[in-house]
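Undergrad: the sequence isn't on hand, but the structure is:
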């Protein structure tokens, strides 16, 4: 997990913009609890980007598409997440798709990343497979 000085306290609002607290949303998933849905995994991955938790990001990536390493841009600040669409990805599905737009800032620059991500469930664990940006 990310360093203790960057991890929100459990009563703080979750960085994924779900409206829930970190302790009731992404906190348990980042700590190892299985995400119940593809969307929850996607939200936890966004939070991991916010917290610069590259270990979690690699661990939650499907082995068939996982890179050997991940270099995060430490100057990029993720600001807000909006879920645009979701297809399947529920507790009884094997696959799911979540489309999102994540807003960022880096110095004076602002922008967003929109991705349609594919997820697969292996046993009880959802994993990120890949995504189409655009």
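TA: The structure has been received and is ready for your questions. In this text the structure is predicted, and so the values were computed from the model without any measurement. Numbering: from 1, shown residues only.

Undergrad: can we go C-alpha only for contacts and neighbour counts from here?
TA: Will do.

Undergrad: show me where the protein has its helices.
TA: With DSSP state H, the ranges of helices along the chain come out as 26-30, 38-51, 54-59.

Undergrad: next one, pLDDT for the nearest residue to residue 38 once chain neighbours are set aside please.
TA: With sequence-adjacent residues excluded and distances taken as C-alpha to C-alpha, 6 or more residues apart in numbering, residue 38 is closest to residue 89, at 4.7 Å. Reported pLDDT at residue 89 in the predicted model: 98.

Undergrad: what's the separation between residue 89 and residue 36?
TA: Separation of residue 89 from residue 36 (C-alpha to C-alpha, to the nearest Å): 9 Å.

Undergrad: counting neighbours, go ahead and name the busier of these two.
TA: Legend: neighbour count by other C-alpha atoms under 10 Å for residue 89 and residue 36, higher for residue 89 (23 against 17).

Undergrad: from memory that one sits against residue 41, does it?
TA: No. With contact defined as C-alpha atoms under 8 Å, residue 89 does not count as touching residue 41 (9.8 Å).

Undergrad: where does this structure have low pLDDT?
TA: Along the chain, the parts satisfying pLDDT under 70 run over 1-5.

Undergrad: leaving out the residues flanking it, which one is nearest to the residue nearest the centre of it?
TA: Geometric centre of the chain, nearest residue: residue 45, 1.6 Å, by C-alpha atoms, centre = their mean. If the residues on either side of it in the chain are set aside, residue 45 comes closest to residue 57, at 6.1 Å by C-alpha to C-alpha, 6+ apart.
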